[in-house]
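*Asks:* Sequence and predicted structure are below.
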Amino acid sequence: MGVRSGPRIPTRGPEFNVLGAAGEFDSTTGWAATNTLGSSNSWGISGGVASINGTQSSTTHLYRSSSPFIENSYYKITLTITAYTAGTLNISFHTGSAASGTNMTAVGTYSFVGQCTGNNAIYIAADASFNGSIDNYSAVKVESDGSYISPLILCLDAFNIKSYAGEVGTDVNLNTPVAGVHDYTGTTYASSNEWASDATKLTKTYDATIRTPLDDGYGATIISESGNAGYHHLSHMGGSGSGNHMISFYFKPITNDITDFRAGMLGDGSNGGCIFNFVAGTVTAVGGSSGKVIVFEKLSNGWWFCACDINGRVGGWVGSIGPSMHTSYTGTAGNKKGYICGLQYSNKSYPTAYGDRSATDGWRDISGNGNHGTITNTPGTRATHFGNFNIMLPIENAYLDFDGTGDYVDFGSAIMGEVNSAATFCAWVSPSTTSGNPQDGIIGEYVNGFIFSTSVSAYGDIKLYDGTTNHISSGGFVLGNVWNHCVITWQASGRCRIYHNGQEVHNAAVSATSFGNSPTNTRIGSIGGDYGSSSYMMNGKIATVQLYKAKLTAVQVKDMYNSQKSRFGL
């Protein structure tokens, strides 16, 4: 029995080239042989590559107009010299009178970070002797220091316990290691004390730099034999009576000699618990733990996830883990050494998520923008914890289940704000609708904003309302009671494209120049705001939602679908 894993939704958007995805020079993307700044032009453009032959009478310019750029914003401009014989090429932003940027004098890829001020343009200047070809240009919006700005403004994922958790265990704030909580070098862990009557003989140190499987990433305690006689244990768990007593933790062996690492009751080798053998990769149940849940799953980078219902026994006992902790012995200093983190205990028959939140905290945005939603009327859920004794957290296709009458997630404001350039809307949905056109709202801001929904004009269609126009795919794509990946990309005064399971199903012109700032709240499970009609609320399941203030390409949409579909059985 092991951990079932599935692809997580990226919490950082891809780098968007505002000059177009292909990165090729041609007239359809704004580059042409006639685009000059007052000089005679010797550039030739063919097959997406711009070339010049080194016989210019003076500096020659090629440029792209400022239309894709936002004034006063910074951009990282990149291009590749694919062929070179002689001369110097310069790339920069140009204000009409001067250029300063990056000089290029060899085959290779070059970058320049500059600020768009006034009527700027990307400006490529070849001196009179430059002979070569250029390709693969891009312009990516960045901070002034060149660091990337993600266009992802909302990322919700029911699979990720940082975004949604049906329940959690004994937890803690994982963002900053806390002595006595994450760091097991002391004698007090969380709310319990280490068993003092048989003080541990383990050597314990803390390594804040080790990468761990926990979402926050770093920090684990190193344990090993000290060479002293006695019990070797971590024992901040305890209880009385038999029943369900689950211990779980993450462990990474350092030495290759750990064949009897136990979870159970300190000094008790028969009533319950299990033996983890990290050399053979096997686990053995002890006593009353036979037939109960035991998880021993090898993860990446040498880590293992370990969990065992130790059962307990009548009377008091001390729950613990450690090498051969069922007996007192004299170890060898430095032996049986490994990292441990995420240690927790619960009175449950299954392991729970090690995290710092629960379902009562709402659906949490993991894009880093703090756009957290409040769950209203408690949508049903396939919770992200161990269920039915056959799968372990997190469940691959965890979701929130909306009843179509009063369930929704409210964000307290219109999180999209004004969009005057581009946007992308993504969601994994499984409507319960199998006929008709009830308009199942996925996410929206009802007034002056946007509406992303299904089954509007016909069963199975996909809709985006941009404040001016209803963009609707033909019906029959979004089927009920199956998982569907729905994506809409939108460009002001450009095109609206709708995708179902990675395939484009709609492509139409956009007349709107922006989405307005909506006075109503963004909501998931309805068309948004304070518009409460049950005929526009989702009756079905939503697993993920992402919003971008940028336009994904068809290739990016296809890649997103292919990377996530296995999680939904597709």
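*Replies:* Great, that's in hand. Numbers count the residues shown, from 1 in each chain.
*Asks:* List every C-alpha atom in stretch 247-266, with coordinates, as CSV.
*Replies:* What follows is stretch 247-266, C-alpha atoms only, in CSV (Å, rounded to 0.1, in the frame of the first residue of the first chain):
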residue,chain,number,x,y,z
ILE,A,247,2.1,7.6,13.7
SER,A,248,3.5,9.0,10.4
PHE,A,249,6.8,10.6,9.4
TYR,A,250,9.2,11.2,6.6
PHE,A,251,12.7,9.5,6.8
LYS,A,252,15.8,9.6,4.7
PRO,A,253,18.6,7.1,5.6
ILE,A,254,22.1,8.3,5.6
THR,A,255,23.8,5.1,6.5
ASN,A,256,22.9,1.8,4.8
ASP,A,257,22.4,-0.2,8.0
ILE,A,258,18.8,0.6,9.1
THR,A,259,16.9,-2.7,9.0
ASP,A,260,14.9,-2.4,12.2
PHE,A,261,13.4,1.1,12.4
ARG,A,262,10.2,0.8,14.4
ALA,A,263,7.0,2.7,15.1
GLY,A,264,5.1,1.4,18.1
MET,A,265,5.1,1.5,21.9
LEU,A,266,8.4,2.2,23.7
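*Asks:* end-to-end on stretch 271-289?
*Replies:* In stretch 271-289, first residue to last residue: 8 Å (CA to CA, to the nearest Å).
*Asks:* any idea which helix or strand comes after the helix or strand bottoming out on mean pLDDT in the chain?
*Replies:* Within the chain, judged by mean pLDDT, DSSP states H and E, the helix or strand with the poorest mean is strand 380-382; its value is a mean of 54. Counting by DSSP states H and E, the next helix or strand C-terminal to strand 380-382 is strand 399-403.
*Asks:* List the contacts of that next one.
*Replies:* Contact with strand 399-403 is made by 158, 164, 363, 375, 377, 379-382, 407-409, 428, 430, 525, 537-543, as judged by CB atoms under 8 Å, 6 or more residues apart in numbering. Every residue, glycine included, has its C-beta placed from N, CA and C.
*Asks:* Please pick the buried ones from the residues you listed.
*Replies:* Buried members of those, scored by 16 or more other CB atoms under 10 Å, are 158, 164, 363, 375, 379, 381-382, 407-409, 428, 430, 525, 537-543.
*Asks:* Tell me where the stretch 451-570 of the chain has helices.
*Replies:* All helices of the stretch 451-570 of the chain, identified by DSSP state H, counting those that start in this stretch, fall at 554-564.
*Asks:* low pLDDT regions in it?
*Replies:* 528-535 (pLDDT under 70).
*Asks:* can you give me the strands in it?
*Replies:* Counting by DSSP state E, counting those that start in this stretch, the stretch 451-570 of the chain has these strands, from start to end: 451-454, 462-465, 470-472, 484-491, 495-500, 503-509, 523-524, 539-548.
*Asks:* what's the shortest one packed up against?
*Replies:* Contact partners of strand 523-524 among helices and strands, from 3 or more CB pairs under 8 Å, 6 or more residues apart in numbering; DSSP states H and E: strand 408-410, strand 440-444.
*Asks:* That one pairs with which strands, parallel or anti?
*Replies:* When pairs are called by DSSP bridges, strand 523-524 turns out to pair with strand 408-410 (antiparallel), strand 440-444 (antiparallel).
*Asks:* Same list (the ones you listed) but as TSV, adding mean pLDDT.
*Replies:* TSV is the format used below for those (pLDDT from 0 to 100):
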stretch	mean pLDDT
strand 408-410	89
strand 440-444	87
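*Asks:* Please work out which of those is packed deepest.
*Replies:* Comparing those by mean neighbour count (mean count of other CB atoms under 10 Å), strand 440-444 comes out on top with a mean of 30.
*Asks:* Name the surrounding residues that touch that strand.
*Replies:* For strand 440-444, the surrounding residues in contact (CB under 8 Å, 6+ apart) are 404, 425, 427, 429, 431, 433, 450-455, 465, 486, 522-529, 536-540, 542, 545, 547.
*Asks:* at 7 Å what do you get?
*Replies:* Among residues not part of strand 440-444, those counted as contacts by CB atoms under 7 Å, 6 or more residues apart in numbering are 427, 429, 431, 433, 450-455, 522-528, 536-540, 542, 545.
*Asks:* do the same with stretch 126-136
*Replies:* Contacts of stretch 126-136 (CB under 7 Å, 6+ apart): 23-24, 48-54, 56-60, 79-89.
*Asks:* Go again with 8 Å.
*Replies:* The contact list for stretch 126-136, computed with CB under 8 Å, 6+ apart, reads 23-25, 42-43, 48-54, 56-62, 78-89, 107, 109, 124.
*Asks:* Kindly reformat the strands of the stretch 451-570 of the chain as TSV containing distance to residue 221.
*Replies:* TSV is the format used below for the strands of the stretch 451-570 of the chain (distance: least, CB to CB, whole Å):
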stretch	distance to residue 221
strand 451-454	46
strand 462-465	50
strand 470-472	54
strand 484-491	41
strand 495-500	47
strand 503-509	49
strand 523-524	39
strand 539-548	34
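*Asks:* among the ones you listed, which is nearest residue 281?
*Replies:* Closest to residue 281 of the strands of the stretch 451-570 of the chain is strand 539-548 (CB to CB; 32.3 Å).
*Asks:* and the angle for the closest one with helix 554-564?
*Replies:* Calculated by axes from the mean of the first three to the mean of the last three CA atoms, to 10 degrees, strand 539-548 forms an angle of 130 degrees with helix 554-564.
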